[in-house]
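Peer 1: One predicted model, sequence on top.
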Amino acid sequence: MLPEWPSYAPMCISYAIKNYFFIGVPLKKLFMKNIILLLALVFCYAGLQAQKESAVKKTDTKLVNQKLVQLQSTLKKLETTLNEAKALMNDLQKQKDAISELSKDDMLWLQKLMEKKSQLEQMISNIMKAGSETQNNITNNLKAS
């Protein structure tokens, strides 16, 4: 991890260079060596910062690519799940239609059975009525004779 560069360092370098080049004050060789060393440090630090930022960007790009691949795989899984759900829904609709057709057939069959039952009850009622009338006629004929 690189240390944070002090915010006042560029101002110091700038001040020293302006005083040397623009004012024309000759600086001592030792001070000049210090400035050169300081400039070398600044450039090395700037290079290291650039490398660090580049590495961070590469890492960010790798992470973004990994996330993109994960999202694409998740999307494919969701599409597959959606297709399976649609297939199941179609199957259920077919089963529902089949059940409703059966229930219609069952209702017609039940209605026919109810009509037959009603006819049988009517027939039994007619037979009992006829039997009762016959019995009454026999009884009346016996009383009259």
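Peer 2: Perfect, thanks for sending it. Numbers count the residues shown, from 1 in each chain.
Peer 1: Check which helices and strands the helix or strand hosting Ile36 is in contact with.
Peer 2: Per DSSP states H and E, Ile36 falls inside helix 29-144. Contacting helix 29-144 under the criterion 3 or more Cβ pairs under 8 Å, 6 or more residues apart in numbering; DSSP states H and E are the following elements: helix 9-21. Just so you know, the C-beta spots here come from the backbone N, C-alpha and C atoms, and that holds for glycine as well.
Peer 1: Return the helix or strand in this structure with minimum mean pLDDT.
Peer 2: Lowest mean confidence among the helices and strands of the chain (mean pLDDT, DSSP states H and E): helix 9-21, at a mean of 57.
Peer 1: Distance check, the residue positioned nearest the centre of the chain against Glu53.
Peer 2: Nearest to the geometric centre of the chain sits Leu78, at 6.4 Å (Cα atoms, centre = their mean). Distance of Leu78 to Glu53, given as Cβ to Cβ, to the nearest Å: 36 Å.
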